[in-house]
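Enquirer: Below are the sequence and a predicted model for it; my questions follow.
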Amino acid sequence: MLTKRIIPCLDVKDGKVVKGVNFVGLKEVGDPVEQAKQYYQQGADELVFLDITATHEHRDTMIHVVEQVAKEIYMPFTVGGGIRSIEDIRNILRAGADKISLNSAAVANPELIQQGAQQFGNQCMVLAVDGKKRKDGSGWNVFINGGRIDTGLDALEWIQKGVSLGAGEILLTSMDADGTKAGYDIEFCQAVSKVVNVPVIASGGCGSLEDFYELFEKEAADAALAACLFHYGELSSLYIKKLFFFFFFFFFFFFFFF
């Protein structure tokens, strides 16, 4: 349990942090630089920054915002959105990111994953997947352009291909659970974790402390990403980590001494 990571996410549009439900109804909830600083001070394990409209608007990631955020934090920092080339990857890393996240660009050009891994290392390459369950319940499809386009790709098959090309981590967002605060999509996360041997970050649906516990207790993912809970001050990452430490210590003590 102690090795699990708690990761706040900044979904950024027009320079502001936003949040919606099921990828729609976006509302401004804060300034990315100030929120990044706050999460760092609270003891978050990592930070993810997603420029969620860059791909749809056919523009580059907001480098200046990435640079400002990077100056305020000293923890692993992943950036995604609008990254389409090796030069884009290089620029984002130079701006202060430790890892880059590829979603739409990877679907359009899978070789970009391999090229990035070869030049910058697998640890830098995060494959982001926005998945939605098919109506017949047979599996999940991959969506791109901020959830606007159904590629028809099977999510499990695409993720396996991405890892074979060099992705060192999977950022898995359940479009069905996103913003609902009804809990992580355990079924989806477990299905992915079973077919790859790289860390899986679960995203979408977290609404309570119990949701973190369920995700980790069921070994559905290696890290938990959340937005709403942190943005609205309902929980802090430090509070979550302290509680997990307490419960781990309690069960460890009970198991060995009773």
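Expert: In hand now; what should we look at?

Enquirer: residues contacting the residue nearest to the spatial centre of the chain?
Expert: Geometric centre of the chain, nearest residue: residue 171, 4.4 Å, by C-alpha atoms, centre = their mean. Residue 171 makes contact with 48, 78, 80, 101, 126-129, 201, 203, 225 under the criterion C-beta atoms under 8 Å, 6 or more residues apart in numbering. Where you see a C-beta, it was placed from the backbone N, CA and C, and this is true even at glycine.

Enquirer: For the helix or strand where it lies, which strands pair with it and how are they oriented?
Expert: According to DSSP states H and E, residue 171 maps onto strand 169-174. Here strand 169-174 is paired, per DSSP bridges, with strand 125-133 (parallel), strand 200-203 (parallel).

Enquirer: ok, then the element right after that strand?
Expert: Heading C-terminal from strand 169-174 (DSSP H and E), you reach helix 186-195.

Enquirer: that older thread, I'd like the strands paired with strand 169-174 laid out as CSV, including distance to residue 95 and mean neighbour count.
Expert: As requested, the strands paired with strand 169-174 are exported to CSV (distance: least, C-beta to C-beta, whole Å; neighbours: other C-beta atoms under 10 Å):
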stretch, distance to residue 95, mean neighbour count
strand 125-133, 16, 26
strand 200-203, 21, 26
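
Enquirer: Which of those sits closest to residue 11?
Expert: strand 200-203 (10.2 Å; C-beta to C-beta).

Enquirer: give me the low-pLDDT residue ranges for the stretch 1-150 of the chain?
Expert: Within the stretch 1-150 of the chain, the stretches with pLDDT under 70 are 1-2, 19-27, 29, 56, 58-60.

Enquirer: could you measure residue 202 against residue 193, distance?
Expert: 9 Å (C-beta to C-beta, to the nearest Å).

Enquirer: same check, this time on residue 99
Expert: Separation of residue 99 from residue 193 (C-beta to C-beta): 19 Å.

Enquirer: Same drill for these two, tell me which one is more crowded.
Expert: residue 99 (23 against 20; other C-beta atoms under 10 Å).

Enquirer: now the angle from the helix or strand hosting residue 91 to strand 125-133?
Expert: Using DSSP H and E, residue 91 sits in helix 86-94. Here the directions of helix 86-94 and strand 125-133 differ by 110 degrees (axes from the mean of the first three to the mean of the last three C-alpha atoms, to 10 degrees).
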